[in-house]
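>>> Model the following, please.
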Amino acid sequence: MKITKIGHCCLIIEEQGIKILTDPGAFSTTQNQITGVDVVLITHEHPDHLHIESLKTVLTNNPNAEVVTNTAVGKILDKDQIKYNILEDSGSINIKGIEIKGFGKEHADIYKTIIPVQNTGYFIADKLFYPGDAFYNPGIPVDILALPVAGPWMKISDALDYAKTIKPRICFPVHDGHIKEIGFGPIHNLPKNILKDLKIEFIVIKEGETEEF
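Presented below is the predicted three-dimensional model:
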């Protein structure tokens, strides 16, 4: 499996000849030039994960790509007549031989007055778990974890505890667009140093870089 970091939570995941794009949001623009995409996964409706104009550009450049998301996002896509497949908690879909499973129902709490939106995490090819904006435990072995490390709904200790709970072989940071201005060092050094004692390798994938697992 090859994973390329586009920015924040936008990734290109390549597995068995299939190219999957996750969360084309407003914190990145490079997704607008990508071609050869087979699947677009959208975890939830927040603009750092779903930017409609960017999604339209992605689909113009990749007319055969299938959008996979949940009901809440689907209602937004309906307004622009964008076709999609529904995948939610406990569901699964097989696209060109790659199985994708849905886990979780709600975005992590931000504040008591803010109602959580629907959030669906995706387990891809029985290897990679991308939880979106939630610390959901799928209750199955996870080889690679896309680990959220920053945002208004979490602190770094939450990320560390989540990684300890999931116990992946490898994890890498996502949801880190908020901290670009202050620098990644303090945020990324802590997981690397703490998780290594648990034999969890923390690998930073910088924007535009690709790692093969």
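>>> who are the neighbours in contact with Pro116?
Shown here is Pro116, whose contacts under the criterion C-beta atoms under 8 Å, 6 or more residues apart in numbering are 106-110. (Each C-beta comes from the backbone N, C-alpha and C, glycine too.)
>>> Compare those residues and tell me which has the most neighbours.
His107 (23 neighbours; other C-beta atoms under 10 Å).
>>> Now do it against Ile166, distance only.
For His107, the distance to Ile166 equals 18 Å [C-beta to C-beta, to the nearest Å].
>>> For the lowest-mean-pLDDT helix or strand in the chain, buried residues please.
In the chain, no helix or strand scores lower on mean pLDDT, DSSP states H and E than helix 185-195, which sits at a mean of 77. Neighbour counts over helix 185-195 (16 or more other C-beta atoms under 10 Å) mark 187-188, 190-191, 194-195 as buried.
>>> Show me which of the contacts of Pro116 is closest to Pro47.
His107 (13.1 Å; C-beta to C-beta).
>>> Surely the closest one touches Gln118?
Yes. At 7.4 Å, His107 counts as touching Gln118 under the criterion of C-beta atoms under 8 Å.
>>> Now do the contacts for Ile115.
No contacts exist for Ile115 under C-beta under 8 Å, 6+ apart.
>>> before we move on, back to that, which elements pack onto the least confident helix or strand of the chain?
When contacts are defined as 3 or more C-beta pairs under 8 Å, 6 or more residues apart in numbering; DSSP states H and E, helix 185-195 packs onto helix 156-166, strand 170-174, strand 201-202.
>>> Rounded mean pLDDT for the longest one, please.
pLDDT averaged over helix 156-166 equals 97, rounded to a whole number.
>>> Just want the angle from it to helix 185-195.
30 degrees (axes from the mean of the first three to the mean of the last three C-alpha atoms, to 10 degrees).
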